[in-house]
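1. sharing a sequence plus its predicted fold:
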Amino acid sequence: MSGNVVDTNSAWIADKCWMFGHKVVWHGGVGDYLEEIGDACRLAASRADVVFVTGGLGATLDDITLEAAAKAFKKQMVFHEDIWRDIQTFFRKFGRECSGNNKRQAYIPEGGKPLTNRVGTAPGVQVKLGHAIFFFLPGVPRELYQIFRDSIMPWLKGRAEAAYEQKFLRCFGLPEASYDEKLKGLDLGPVRMSFRVTFPEVKIKLVARGKTALQDIKRAEEKIRKKIGRYIFGADDETLEMAVAELLKSSGLKLALAESCTGGHISNLLTNVPGASEWFRGGVVSYSNDLKTGIVGVRPATLKKHGAVSKACAEEMAKGIRKVALADIGLAVTGIAGPTGGTKEKPVGTVHIALATKGKTGHITFSQERGRIAFKQFVAYEALSLLRRHLT
């Protein structure tokens, strides 16, 4: 309620409800107070047929959501021995001691149905309170997502009034307005198109309803790809690093990285992809000039003449890491992340990226002045995009 923690659960649940054709009529938030939670539950039940409540299902004394809801609707809290066994089993699985406080999580309102939590201890609960069906879910997002997908999505889908389909096309390389300009006037039939910016990428959202929704979206996607296909790297949950990983795997080529201004961020993205050891040889965070010359193989003369942030240095970093790591492709980045360190000739945000293969080296440069974290994210996407273009 203070704003220290942002509620992303409401938006996520609302999106899923909308996806299945259900109308979301109200969002509310309330602190950890018995009477206020109860009042909020009664108000929600007066406004909607289905109510989702997240948070307050844990084992501490301020986790009072179920107790508050039961009291508000004059229900008893009932102990479930099977839930308690599952909680104890969960702790044993991870070699941890189960606190007596966790027994509180085995109590749910009478008439309630527990919803299995496979990644935590607090079960979700489905129960009819007043005129509404309530779903109580843990506030921890990964626990909420699992319970929602396993137990609630099928329930929602079975009660959908109209077929609803959506697809996200994930893009990088242009600002949002440029995509809109390039796609303006495109006839997508019954498909609604909108844009979402999740820096550093832009997502194009396609939505359709009716029995032919899937086919309508497929036709719309084909038209969009003809216009801006070079900027689309994936769809739905496919990240840029996943797309690059698939290309490297299918090509049989090995990659090595030499990173300076990104501080290992590109290596982190790539090694988050399962199976990265098949195509990723490794990387060096050569932040200092000593490491650039001593490990990666940049010539001291190059640094003296051109500086560490230069085309020449980036190219020698890419060639050097390729050789050192016995890789097919060497990818290198060097730049000025800021907020200090820039000059008139090389302002803060200056970046050089180089890609080296056997007998050939490619290079791009640009300036992108942002906060350090956003800078690293953007540069990583530019580097991976360069690699993706090379592989395609």
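-> Cool, the structure landed. Numbering: from 1, shown residues only.

2. do you know how far the residue nearest to the spatial centre of the chain is from R170?
-> Nearest to the mean C-alpha position of the chain, counting by C-alpha atoms, centre = their mean, stands D237 at 8.0 Å. Distance, D237 to R170, using C-beta to C-beta, to the nearest Å: 9 Å. Glycine gets a C-beta too; all of them are placed from N, C-alpha and C.

3. if we can go back for a sec, gap between the residue nearest to the centre of the chain and T198?
-> 13 Å.

4. what helices or strands is whichever strand or helix holds K223 leaning on?
-> Here K223, judged by DSSP states H and E, is contained in helix 213-228. With contacts taken as 3 or more C-beta pairs under 8 Å, 6 or more residues apart in numbering; DSSP states H and E, helix 213-228 sits against strand 164-171, helix 176-183, strand 201-209, strand 232-235.

5. so that helix versus strand 201-209, what angle?
-> For helix 213-228 against strand 201-209, the angle by axes from the mean of the first three to the mean of the last three C-alpha atoms, to 10 degrees is 150 degrees.

6. for helix 213-228, buried residues please.
-> 213, 216-217, 219-221, 224, 228 (16 or more other C-beta atoms under 10 Å).

7. re earlier: which one, of the helices and strands packed on helix 213-228, ends up nearest to P190?
-> Closest to P190 of the helices and strands packed on helix 213-228 is strand 201-209 (C-beta to C-beta; 5.8 Å).

8. and the closest one, how far out from the chain middle?
-> 16 Å (C-alpha atoms, centre = their mean, to the nearest Å).

9. quick one: buried residues of it?
-> For strand 201-209, by 16+ other C-beta under 10 Å, it's 201-204, 206-209.

10. just give me the closest of those residues to S260.
-> Nearest member of those to S260, counting by C-beta to C-beta, is E201, at 23.3 Å.

11. can you add pLDDT and give the buried residues of helix 213-228 back as a markdown table?
-> Converted to a markdown table, those look like this (pLDDT from 0 to 100):
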| residue | pLDDT |
| --- | --- |
| A213 | 90 |
| D216 | 96 |
| I217 | 96 |
| R219 | 97 |
| A220 | 97 |
| E221 | 98 |
| I224 | 98 |
| I228 | 97 |
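
12. quick check: closest non-adjacent residue to I364.
-> Nearest residue to I364, sequence neighbours excluded (C-beta to C-beta, 6 or more residues apart in numbering): I353, at 5.2 Å.

13. check contacts around that neighbour.
-> 314, 331-333, 363-365, 379, 382-383, 386 (C-beta atoms under 8 Å, 6 or more residues apart in numbering).

14. show me what it is bridged to.
-> Counting by DSSP bridges, I353 is bridged to V333, I364.

15. what about it, distance to Y381?
-> With C-beta to C-beta as the criterion, I353 and Y381 are 11 Å apart.

16. can you list the low-confidence ranges for the stretch 251-392 of the chain?
-> The stretch 251-392 of the chain contains no residues with pLDDT under 70.
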